[in-house]
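> the sequence isn't on hand, but the structure is:
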C-alpha cells in the first residue's frame, strides 16, 4: 500500500511541466485520463523539443497556441502553424473534461481532412475564453445537443449503410424516410435533453472558457499556476495570422 501511494505521488509530480516565458512561468498539470497526450507532452518537454519555440498564434479572449517547431528562430512575417513531428496522436476526447479557462488542449487539423480528430504531435493551446451569462449558455447547450445528435445519427446511419444503399437502389423513399425517422429518434434518445452539464454551466458562468470546443478537441491538462501569465500573453498585440508582434519564446521544464 505504501509503495502504491509513493508511486502515485511520483506520477503526480512527474505529470507537471513548467512553461517558462519572458512574461513569467506557466505550470501545467497533465491528466492521467489522457495518457497518450500526457506521455507525449512529457517526452517532448524532456527532450527540449519545445525550447526556443514561440506562442505563434494568439487570439485575445480566446486562446494562446504554441508547439510548432518551425517557429524556432522564425523571421517576422513567416507563416507558422503547420509544423510538428512525423506523427499524430489518437484522440482522447472525454465527455467530462472541458475547455474551461486554463485548459491545456491539443491542436489538430479540421474534420474535413481529419474525421478521427487526431491531435497534432506537438502543437497545443491554452484556453482563455469568456464568461457567459445564462442566455448565452442556453444557446450553447442547444447547439451542442444538436451536434451530439448529428454525431450519434451519423454513427447509426453508418451501421445501416447496406440497408440504406439497397433502399436507394430500389427507390424505396417511404422505407428511407421511415428508417431516417427511426434513427433520429434513437439518436435523440441516446443524447438526452441537455447539451451542457450542470458542471459545464457552473464553470462557464464563473471561471469562463470556450464551451463550443467541448467534444471537438482533446483536453489533456490544465494550468495550475500562472494563469495571470496566460492572460498577459492572450492580450498581446498581434499581426498577420494572429502571430504576436513581439516574439514570445518558451522553454519547458518537467517538474520533478
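Noted; the coordinates are in hand. The shown structure was predicted, so the numbers you read here are calculated from the model rather than taken from an experiment.
> need phi/psi at the nearest residue to residue 156 once chain neighbours are set aside.
Setting aside the residues directly before and after it, residue 156 is nearest to residue 183 in space (C-beta to C-beta, 6 or more residues apart in numbering), at 4.6 Å. Where you see a C-beta, it was placed from the backbone N, CA and C, and this is true even at glycine. Backbone torsions for residue 183, taken as degrees, to the nearest 10, come to phi -70, psi -40.
> residue contacts, residue 183?
Residues in contact with residue 183 (C-beta atoms under 8 Å, 6 or more residues apart in numbering) are 153, 156, 157, 160.
> next: residue 226.
So residue 226 contacts 19, 24, 25, 26, 27 (C-beta under 8 Å, 6+ apart).
> which pLDDT value belongs to it?
The model reports residue 226 with a pLDDT of 98.
> burial check on the closest residue in space to it that isn't next to it in sequence, number of neighbours?
Of all residues not flanking residue 226 in the chain, residue 26 sits nearest, at 3.6 Å (C-beta to C-beta, 6+ apart). Residues near residue 26, counting by other C-beta atoms under 10 Å, number 25.
> hey, what's residue 26 bridged with?
residue 19 (DSSP bridges).
> and what of the one 4 residues further on?
Taking DSSP bridges, one obtains residue 221 as the residues bridged to residue 30.
> and the gap between it and residue 219?
Here the criterion is C-beta to C-beta, to the nearest Å. By it, residue 30 lies 11 Å from residue 219.
> need the overlap of contacts for those two.
With C-beta under 8 Å, 6+ apart, residue 30 and residue 219 have common neighbours residue 104.
> switch the contacts of residue 183 over to a markdown table; also include pLDDT and neighbour count.
Shown next, in a markdown table, are these (pLDDT from 0 to 100; neighbours: other C-beta atoms under 10 Å):
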| residue | pLDDT | neighbour count |
| --- | --- | --- |
| 153 | 87 | 19 |
| 156 | 88 | 16 |
| 157 | 88 | 16 |
| 160 | 91 | 14 |
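> okay, and which of the residues you listed map to helices?
Of those, the ones assigned to helices by DSSP state H are 153, 156, 157.
> which of these sits closest to residue 131?
Ranked by distance to residue 131 (C-beta to C-beta), these are led by residue 153 at 32.4 Å.
> can you tell me the closest non-neighbouring residue to the closest one?
Nearest to residue 153 is residue 187, by C-beta to C-beta, 6+ apart, at 4.1 Å.
> please work out the average pLDDT along the helix or strand that contains that neighbour.
Using DSSP states H and E, residue 187 falls within helix 173-191. Helix 173-191 comes out with an average pLDDT of 88.
> helices and strands around the helix or strand just after it, which ones?
Note on helix 173-191: by DSSP H and E, the next helix or strand toward the C-terminus is helix 198-206. In terms of contacts (3 or more C-beta pairs under 8 Å, 6 or more residues apart in numbering; DSSP states H and E), helix 198-206 is packed against helix 134-159.
> name the residues of the helix it packs on that are buried.
137, 140, 141, 144, 145, 147, 148, 149, 152, 153, 156, 157 (16 or more other C-beta atoms under 10 Å).
> and stretch 122-138, which residues are buried?
122, 123, 124, 125, 126, 127, 128, 129, 132, 137.
> tell me the pLDDT at residue 105?
98.
> so what's residue 204 up against?
Residue 204 touches 100, 129, 131, 132, 137, 140, 196, 211, counting by C-beta under 8 Å, 6+ apart.
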